[in-house]
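*Asks:* Provided below are the primary sequence and the corresponding predicted coordinates.
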Amino acid sequence: MSKQPPASKQAAPIARAIDAGFGVMKFTREATAEEASQARNGIVFDSFLSLTLDAAGDQANVANARTRDTVFVDHEGRTYEVGKGVEHALVASDFGRDMTDAYYDSKVYHALMRGALAYMGESHIDTLVLGLPMNHFENKTRVASLQKHYTGTVNLGKGRDVVIGRVLVHPQPFGGYISLGHDLDGINKAIKNYPECGIPKIQAVDELANMNILIVDPGEYTLDWLLMTPGGHAQRVSSAAGDAGRHRVLREIHEIVAAKMERPLGPSFVTDIDRALRNKTPIRIGGRSFDLSGPEFVAAIEKAVEDPVRQLLESLRGADDRIDFIAVLGGSPNEVAAALRKARPYLPVYCPSEGTGQDASLYANLRGFQEWAEAAAALPAQQAA
């Protein structure tokens with residue numbers, strides 16, 4: 001009997017996730033050697049602003065882009081420049097975003113998706129998890145369309161393809177819910193400030209499954225909320241509101257600055273305002289400096305989030321009396337968390353620091369999606385969902 005060759009070691013399935021926001025594209029990728037110390041299972045979180053530049057026929061732009069951290073991708077016969085350095089190519093009249101309910105069907109979205117896939121650098125992905133706002137996720141035709149579009153061979157342009165085995169789509173706040181187990185200390189600290197609620201210290205992740213938790217995800221364009229109960233997702237009181245995200249805040253600040261300058265202000269400065277708010281620094285425009293922490297700007301920010309938070313609370317239809325705690329997660333959670341504390345002072349509100357790096361609140365949904373992708377990749381296709 002001839003000796004049988006040893007069985008080859010099967011490569012681990014490749015699992016990746018993308019949290020495609022109106023403001024920021026978040027994605028997972030393999031860690032470099034320099035990033036190994038901050039990686040989890042060899043994976044790191046990465047991001048770039050959800051900006052696109054139409055690069056078709058713009059040879060000067062292509063030449064200048066060699067000095068920027070960007071990628072060129074093709075979609076429906078056009079070439080787009082996307083990535084971390086695109087904001088540096090914007091002129092005052094550029095906006096480069098799609099702030100409408102049609103975003104997830106738009107050329108901008110599909111160009112940004114291809115950009116995220118290009119940054120991943122994989123030729124094959126076994127399982128890819130994507131997210132949608134609650135109101136888009138409820139449209140099963142849109143979910144099916146997204147799965148169909150990104151299952152199989154996806155052409156990125158410039159001779160690059162990526163083959164994706166299966167695509168799973170979940171509501172964006174669901175990713176945040178999965179990621180809660182990474183900061184039990186932070187949740188317990190928030191709950192401790194509300195001794196009258198009577199919730200004992202949470203000792204293990206499994207205990208979260210027995211609680212009623214409202215996940216609030218303040219996005220760039222939408223405000224999403226998901227009520228998770230011991231019985232699962234409470235669909236009737238979970239939803240999202242369009243034109244209710246951070247863009248409302250940025251738009252108000254943009255209008256105030258333009259009024260102070262007594263002249264129109266180009267839409268590209270919305271990105272500068274966003275950066276200044278996140279970094280808590282003044283913004284310099286047209287030879288003038290504006291301190292966005294001043295009373296006029298703070299009042300405008302508070303007013304901008306009042307109506308979306310009111311919509312959220314009204315949609316709960318009294319279910320807020322059953323909530324154990326609220327978790328506000330995302331890239332810009334602080335203003336919405338403050339409004340919720342003001343409107344429901346008796347409910348514990350957990351809101352992690354926006355922070356930077358791999359633990360940033362910005363990556364909450366993505367962190368949960370990557371965990372789900374890794375778990376699903378280890379299961380047969382019919383069991384993964």
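*Replies:* All right, it came through fine.

*Asks:* Which residues does the longest helix anywhere in the chain contact?
*Replies:* Of all the segments assigned as helix in the chain under DSSP state H, the longest by residue count is helix 295-315. Judged by Cβ atoms under 8 Å, 6 or more residues apart in numbering, the contacts made with helix 295-315 from elsewhere in the structure are 216, 218, 223, 225, 237, 239, 241, 244-245, 248-249, 251-253, 256, 290-291, 320, 335-336, 338-340, 343-344. The C-beta positions use only the backbone N, C-alpha and C, and glycine is treated the same way.

*Asks:* OK, contacts around residue 150?
*Replies:* With contact taken as Cβ under 8 Å, 6+ apart, residue 150 is in contact with 113, 128, 130, 164, 167.

*Asks:* Could you list the paired strands of the helix or strand encompassing the fourth one along with their orientation?
*Replies:* Assessed by DSSP states H and E, residue 164 sits inside strand 160-171. In the sheet containing strand 160-171, the strands it pairs with under DSSP bridges are strand 124-132 (parallel), strand 152-157 (antiparallel).

*Asks:* Tell me which residues are up against it.
*Replies:* Contacts with strand 160-171, where a contact means Cβ under 8 Å, 6+ apart, come from 117-118, 120, 122-134, 137, 143, 146-147, 150-156, 224, 226, 233, 238, 369, 372-373, 376, 381, 384-385.

*Asks:* got it, and stretch 340-350?
*Replies:* Taking contacts as Cβ under 8 Å, 6+ apart, the residues outside stretch 340-350 that touch it are 186-187, 190-191, 193-194, 196-197, 199, 216, 309-310, 313, 320, 323-328, 337.

*Asks:* Report the buried residues of the longest helix of the chain.
*Replies:* By neighbour count on 16 or more other Cβ atoms under 10 Å, the buried set for helix 295-315 is 297, 300, 301, 304, 305, 308, 309, 312, 313, 315.

*Asks:* looking at the contacts of residue 150, which has the most residues close by?
*Replies:* Within those, residue 128 tops the neighbour count with 30 neighbours, counted by other Cβ atoms under 10 Å.

*Asks:* I'd say it and residue 14 touch.
*Replies:* No: with contact defined as Cβ atoms under 8 Å, residue 128 does not count as touching residue 14 (9.1 Å).

*Asks:* Pull up the distance across stretch 286-301, start to finish.
*Replies:* Between the start and the finish of stretch 286-301 there is a gap of 23 Å, counting by Cα to Cα, to the nearest Å.

*Asks:* Same check on stretch 326-346?
*Replies:* 11 Å.

*Asks:* now swap in stretch 217-233 and tell me
*Replies:* Calculated as Cα to Cα, the first-to-last residue distance of stretch 217-233 is 15 Å.

*Asks:* Return the distance of it from the chain's centre.
*Replies:* Average the C-alpha atoms of stretch 217-233, do the same for its chain, and the two points are 13 Å apart (Cα atoms, centre = their mean, to the nearest Å).

*Asks:* repeat for stretch 329-340
*Replies:* With Cα atoms, centre = their mean as the basis, the distance from the averaged C-alpha position of stretch 329-340 to the chain average is 14 Å.

*Asks:* Check stretch 176-196 too.
*Replies:* Once both centres are worked out by Cα atoms, centre = their mean, stretch 176-196 turns out to sit 21 Å from its chain's centre.

*Asks:* can you list contacts of that stretch?
*Replies:* For stretch 176-196, the surrounding residues in contact (Cβ under 8 Å, 6+ apart) are 197, 199, 201-205, 208, 213, 215, 217, 226, 228, 325, 327, 329-330, 346-352, 359, 364-365, 367-369, 371-372.

*Asks:* Can you say which of the strands paired with strand 160-171 is packed in most?
*Replies:* By mean neighbour count, with neighbours taken as mean count of other Cβ atoms under 10 Å, strand 124-132 ranks first of the strands paired with strand 160-171 at a mean of 23.

*Asks:* helices and strands around whichever helix or strand comes after it, which ones?
*Replies:* Reading on from strand 124-132 to the C-terminus, the next helix or strand found by DSSP H and E is helix 134-137. Where contact means 3 or more Cβ pairs under 8 Å, 6 or more residues apart in numbering; DSSP states H and E, helix 134-137 is packed against strand 160-171, helix 172-179, strand 223-229, strand 239-241.

*Asks:* Compare these and give me the one nearest residue 20.
*Replies:* Taking Cβ to Cβ as the criterion, helix 172-179 is the member of these that comes nearest to residue 20, at 9.0 Å.

*Asks:* give me the low-pLDDT residue ranges for this structure?
*Replies:* When the per-residue scores of the chain are filtered using pLDDT under 70, the ranges that remain are 1-10, 56-66, 90-96, 381-385.

*Asks:* residue ranges of the helices in it, please?
*Replies:* Using DSSP H, the helices found in the chain span residues 59-64, 107-120, 134-137, 140-150, 172-179, 184-192, 246-261, 269-279, 295-315, 334-343, 364-377.

*Asks:* Great, nothing more from me.
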